[in-house]
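Enquirer: sequence-free structure coming up:
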C-alpha cells in the first residue's frame, strides 16, 4: 500500500512539474485574404481579377463602438481605408460572345492554382475558402460576379 501511495505522489509531482515547467508561448500569426472576382456578364463585357493587397491596414483605425448612450456615427474617411498597393492578376470572363467558355474557367483555375501554390510555398496555410455569387436578376440586369475569398495564415517570425 505504501508503494502505491509513493507511486501516486511521484506521478502527480511529474504531472504538475510538466504543466508548470512548459513555457507558455503565445502563437502569433498573420492572416492574408486573396480574392478572385470572376465576371458572369454576358458577351465578355465584364472584368475578372485575382486581387491581393500589398498595403496593410489596422482595422482599429476605422472602428468605432456604439452604445445605447453614444450612438455617434463612424467618421472614418473612405480615402484613408482604400489601398493603392495591391496585386491584380487578370483572369478571363466566364462568358464571351458565344456564351459560357469552359476554357476560360479552366484557365482561371490554372492561374488561381498557381497563386495558391505560391502562397503555400511561402509558408501560408489555406485555412478557409468562401464563395458568393451575384447573378443576373432578369432581363434588364446584365450584371453578375462570382467572388471567392481564400483566407490564409502563417506564423510570424
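Expert: Yes, it's here. The structure displayed is predicted, hence computed values, not measured ones.

Enquirer: Spit out the contact partners of residue 64.
Expert: 72-76 (CB atoms under 8 Å, 6 or more residues apart in numbering). Using the backbone N, CA and C atoms, a C-beta is placed for each residue, glycine as well.

Enquirer: Now for it, which secondary structure element holds it?
Expert: Assessed by DSSP states H and E, residue 64 sits outside every helix and strand.

Enquirer: that older thread, can you tell me which of the contacts of residue 64 is nearest residue 62?
Expert: Nearest to residue 62 among those: residue 76, at 4.2 Å, using CB to CB.

Enquirer: what's the burial count for the closest one?
Expert: Residues contacting residue 76 under the criterion other CB atoms under 10 Å number 12.

Enquirer: likewise residue 93?
Expert: 21.

Enquirer: how far away is residue 131 from residue 68?
Expert: 37 Å (CB to CB, to the nearest Å).

Enquirer: State the mean pLDDT of stretch 106-124.
Expert: The pLDDT scores in stretch 106-124 average 96.

Enquirer: who's in contact with residue 133?
Expert: Residue 133 makes contacts with 40, 144-147, as judged by CB under 8 Å, 6+ apart.
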